[in-house]
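Colleague: dropping the sequence and predicted coords here.
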Amino acid sequence: MEEFECKEHGQKFQDAKALEQHNSSKHSKPPKFGDNLKKIQIPKSVFAGVFLIAVAAILIYYFSAKPVSAQSTSIDGIQCNSLEGSAMHIHPHLTISSNGNNATVPADIGILSTCLYWLHTHDASGTIHIESPTVKNYTLGQFIDIWNATARYASSFDPSSLSNAASLTVYVNGNVYNGNYRNITLLDKEQIKMVMN
Ligand SMILES: [Zn+2]
Ligand SMILES: [Zn+2]
């Protein structure tokens, strides 16, 4: 009698058809590669996790980069940069007399620990350094605003007192300037003298 036996299980069957059924149900061929791929399902939670990690990374980058850019709070459109501008470099000179005494125009007006404004002083000589990345006109008002914002406590003279002076006479290269002193264009080797009482 012919035997219908499963070689793997050692199980015996009555006829060829029964063995064939057994083989097809228990020993079906392994699924093709493509079939396997379709069955790999990525849970939505994994997508959500990856998305959250990406958002967190962007936020961390954004906020860690923020303090660096905060240094460059511009004053009257004048930026504070880590390097001195090289397109324009001129030196007007400012003298201030208050009630008959020379007031000090201090060093380091416009110079912070991390950056320099395009208008600044390096010493207390009254020399204003304009070191700008672009060539354009700057005004005495802009310099005084930077002074007020960056160095007002470095000097016994408070530049905001200029606007409250009972009388103020301004000279440019020895000539009386009759307009608003804030509008004086700063030029190389220009001598500006402010006499307040
Ligand atoms: Zn400089
Ligand atoms: Zn200079």
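Modeller: Happy to help now that I have it. Ligands and ions are numbered 1, 2, ... in the order given.
Colleague: and the strands in the chain?
Modeller: Taking DSSP state E to define them, one finds strands in the chain at 4-5, 12-13, 80-81, 88-90, 93-98, 101-103, 116-117, 119-120, 129-132, 168-172, 175-177, 191-196.
Colleague: surely Ala166 is in contact with Val195?
Modeller: No - here Ala166 lies out of contact with Val195, judged by Cβ atoms under 8 Å, at a distance of 11.8 Å. Glycine gets a C-beta too; all of them are placed from N, C-alpha and C.
Colleague: what about the chain, any weak spots by pLDDT?
Modeller: The chain contains residues with pLDDT under 70 at 1-2, 28-43, 47, 58-72, 152-155.
Colleague: ok, the residue in it positioned nearest to ligand 1 - contacts?
Modeller: Closest approach between the chain and ligand 1, counting by Cβ to the ion: His129, at 4.1 Å. Contacts for His129 (Cβ atoms under 8 Å, 6 or more residues apart in numbering) come out as Glu84, His89, His91, Leu119, His120, Thr121, His122.
Colleague: now distance to Phe143 too, for the strands of the chain, in CSV please.
Modeller: Output for the strands of the chain, formatted as CSV (distance: least, Cβ to Cβ, whole Å):
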stretch, distance to Phe143
strand 4-5, 104
strand 12-13, 104
strand 80-81, 14
strand 88-90, 12
strand 93-98, 8
strand 101-103, 14
strand 116-117, 9
strand 119-120, 5
strand 129-132, 8
strand 168-172, 13
strand 175-177, 15
strand 191-196, 9
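Colleague: out of those, which is closest to Gln142?
Modeller: Evaluated over the strands of the chain, closeness to Gln142 peaks at strand 119-120, with 6.1 Å, by Cβ to Cβ.
Colleague: contact residues of the protein facing ligand 1?
Modeller: Proximity of the chain to ligand 1, by Cβ under 5 Å from the ion, involves residues Glu84, His129, Glu131.
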